[in-house]
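A.B. asks: With the input below, show me the fold.
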Amino acid sequence: MYKLNLPEYTLQLRDTDGRPEVFDKLRRCWVALTPEEWVRQQMFEHLVGTLQYPASRMNHEQSIVYNGMRKRCDGVVYDQSGAPQVIMEYKAPTVNINQKVFDQIAVYNLRLNVPYLLVSNGLQHFFCRMDFEQHRYVFAHEILPYAEL
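C.D. replies: Residues are numbered from 1 along each chain as shown. As a prediction, this is how the structure comes out:
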């Protein structure tokens, strides 16, 4: 897989009928090892292991309905009361992070109304706080540890 701009974490991998799979600790199941999934799993390890995000307050592949259409957030972090706090959007390392990606996560946030967004392709990471009064993103220099949210 790709070398990412994250510490290296050891993931459980296997091959099933010629298809690589990775064990998703959060969903507790084996999933296809795509480049995007590689980013999601490595970022999960970073968030939980390094930045102290509680795995019990995270969800992968969170479904939402917006304007009657079913959408899927790559990940969501919840606060202690169960309210969504961070939406995460992951792309393969070969996908450039551009305005279209931010537009995608902004649509999810119209439904969830979270204060923080995380976008990553494994090479570039963007973490921002929503300034709802000014209708803009306020970018942080790094992904905030959970305790600082």
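A.B. asks: In what element of secondary structure is Lys100 found?
C.D. replies: Element membership for Lys100, per DSSP states H and E: helix 99-112.
A.B. asks: Ok, Trp30 next?
C.D. replies: Under the criterion of DSSP H and E, Trp30 resides in strand 29-32.
A.B. asks: now the strands: where do they sit in the protein?
C.D. replies: Using DSSP state E, the strands found in the chain span residues 13-16, 19-24, 29-32, 58-66, 69-78, 84-90, 116-120, 125-131, 136-139.
A.B. asks: what is the rounded mean pLDDT of the first one?
C.D. replies: When you say that, I think you mean strand 13-16. Mean pLDDT, computed over strand 13-16, is 96.
A.B. asks: Just the CA coordinates for it, please, in PDB.
C.D. replies: This file holds the C-alpha atoms of strand 13-16, laid out as PDB (Å, rounded to 0.1, in the frame of the first residue of the first chain):
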ATOM      1  CA  LEU A  13      -4.400  -7.800   6.700                       C
ATOM      2  CA  ARG A  14      -5.400 -10.900   4.900                       C
ATOM      3  CA  ASP A  15      -6.100 -12.100   1.300                       C
ATOM      4  CA  THR A  16      -9.500 -13.600   0.500                       C
END
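A.B. asks: on that earlier part again, what would the strands of the chain look like in TSV with mean neighbour count?
C.D. replies: C-beta coordinates here come from the backbone N, C-alpha and C atoms, glycine included. Listed next are these as TSV, based on neighbours: other CB atoms under 10 Å:
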stretch	mean neighbour count
strand 13-16	11
strand 19-24	16
strand 29-32	12
strand 58-66	15
strand 69-78	17
strand 84-90	23
strand 116-120	22
strand 125-131	17
strand 136-139	12
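A.B. asks: got these as TSV, with distance to Asn96 columns?
C.D. replies: Converted to TSV, those look like this (distance: least, CB to CB, whole Å):
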stretch	distance to Asn96
strand 13-16	27
strand 19-24	24
strand 29-32	23
strand 58-66	23
strand 69-78	17
strand 84-90	13
strand 116-120	11
strand 125-131	12
strand 136-139	17
